[in-house]
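Peer 1: sequence first, predicted coordinates after that:
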Amino acid sequence: MGSDYNGFKKVLLFAYVGLIIVHIIRFCFYDESLTSFVLGCIGMILIILSIVIPQKKTMKQFLKIIIPIFILAAIAFMSYKVISKINHKNEVAEHIKTIPTFSYKTIEGKPFSNQNLKDNTPTVFLYFNSECEHCQSEAERIRDNLKKFTNAQLVFISFEEPKKIKAFATKYKLLGYDNISFLSDSKVSFATTFDVNSLPTIVIYDKNKKLVAKIKGEIKVEAILKKLN
């Protein structure tokens, strides 16, 4: 049993050294989170345990020590991830209380940022996709009620190619209006910047650029106008 256990310890040693090297490299060069670093630390702990545990310990006794460590490490790591996610959500919520800094391109290829928004004018961001049926219905409703939006600026944003966005705008006759802009989000950053995860989503800001509402899915024009007043 002693020789078998010594062989087992050697296998553990090589395996965990490899684990540490791989995950620390990922942490340093590729991974922005602490995932790889934590896994590397777990590996280091296991190496130490496999070395210091006396030879007379059997495999069963060894596992009795290792398994609880793995469970505790997993619980600690999951707790860390949950807390990090909650903190990130709170940071994003604080970030979008006013219109955040952004930079996209118009369908003509010209830069368009938050600096291009009109002052003292409510802003409605509409995150859409040309093939989304709910987005199409929303565009139809807005087109049929354009006169009611004369005192607001409408910013349609999609991660699609400018050609598809222009075809969508042309189809619903939304081009040529001073208060309507169609933007291409080629880097797909709008969803992260404005904490959006569904299509369509409407984000409304008042004339002071303060967040009024963030609405997922289709919504009646009357409800949008009510938020603007």
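Peer 2: Perfect, thanks for sending it. Residues are numbered from 1 along each chain as shown.

Peer 1: check which residues of whichever strand or helix holds residue 165 are buried.
Peer 2: Secondary structure from DSSP states H and E places residue 165 in helix 162-171. Residues of helix 162-171 classed as buried: 162, 165, 166, 168, 169 (neighbour count, 16 or more other C-beta atoms under 10 Å). Yep, even glycine has a C-beta here, placed from its N, CA and C like the rest.

Peer 1: pull up the distance across stretch 162-181, start to finish.
Peer 2: 12 Å (C-alpha to C-alpha, to the nearest Å).

Peer 1: meant to ask about stretch 146-161, not that
Peer 2: 25 Å.

Peer 1: picking that back up, what residues does the helix holding residue 165 touch?
Peer 2: Identification of contacts with helix 162-171 by C-beta atoms under 8 Å, 6 or more residues apart in numbering yields 105-109, 128, 130, 139, 156, 158, 175, 182-184.

Peer 1: stretch 174-184 too?
Peer 2: So stretch 174-184 is contacted by 104-107, 112, 116, 118, 121, 139, 142-143, 146, 149-150, 152-162, 165-166, 168-169 (C-beta under 8 Å, 6+ apart).

Peer 1: make it 6 Å
Peer 2: For stretch 174-184, contacts defined as C-beta atoms under 6 Å, 6 or more residues apart in numbering pick out 104-105, 107, 112, 143, 153-157, 162, 165, 169.

Peer 1: picking up where we left off before, tell me the two of the contacts of helix 162-171 that are most distant?
Peer 2: 109 and 139 (22.1 Å; C-beta to C-beta).

Peer 1: just after the helix holding residue 165, pick out the following helix or strand.
Peer 2: In N-to-C order, the element after helix 162-171 by DSSP H and E is strand 180-184.

Peer 1: tell me the average confidence for the very next helix or strand once past that following strand?
Peer 2: Using DSSP H and E, the helix or strand that follows strand 180-184 towards the C-terminus is helix 190-193. Mean per-residue pLDDT for helix 190-193: 92.

Peer 1: helices or strands up against helix 190-193?
Peer 2: Packed against helix 190-193, as judged by 3 or more C-beta pairs under 6 Å, 6 or more residues apart in numbering; DSSP states H and E, are no other helices or strands.

Peer 1: buried sites along it?
Peer 2: Across helix 190-193, burial judged by 16+ other C-beta under 10 Å covers 190, 191.

Peer 1: check stretch 220-229 too.
Peer 2: 224, 227, 228.

Peer 1: sort out which one of those lies nearest residue 88 for me.
Peer 2: Using C-beta to C-beta, these come closest to residue 88 at residue 227, 26.3 Å.

Peer 1: gap between the closest one and residue 79?
Peer 2: Distance of residue 227 to residue 79, given as C-beta to C-beta, to the nearest Å: 38 Å.

Peer 1: and if you look at residue 187?
Peer 2: 32 Å.

Peer 1: what ranges in this structure fall below the confidence cut-off?
Peer 2: Low-confidence segments of the chain, defined by pLDDT under 70: 1-63, 65-67, 69-70, 73, 77, 80-81.
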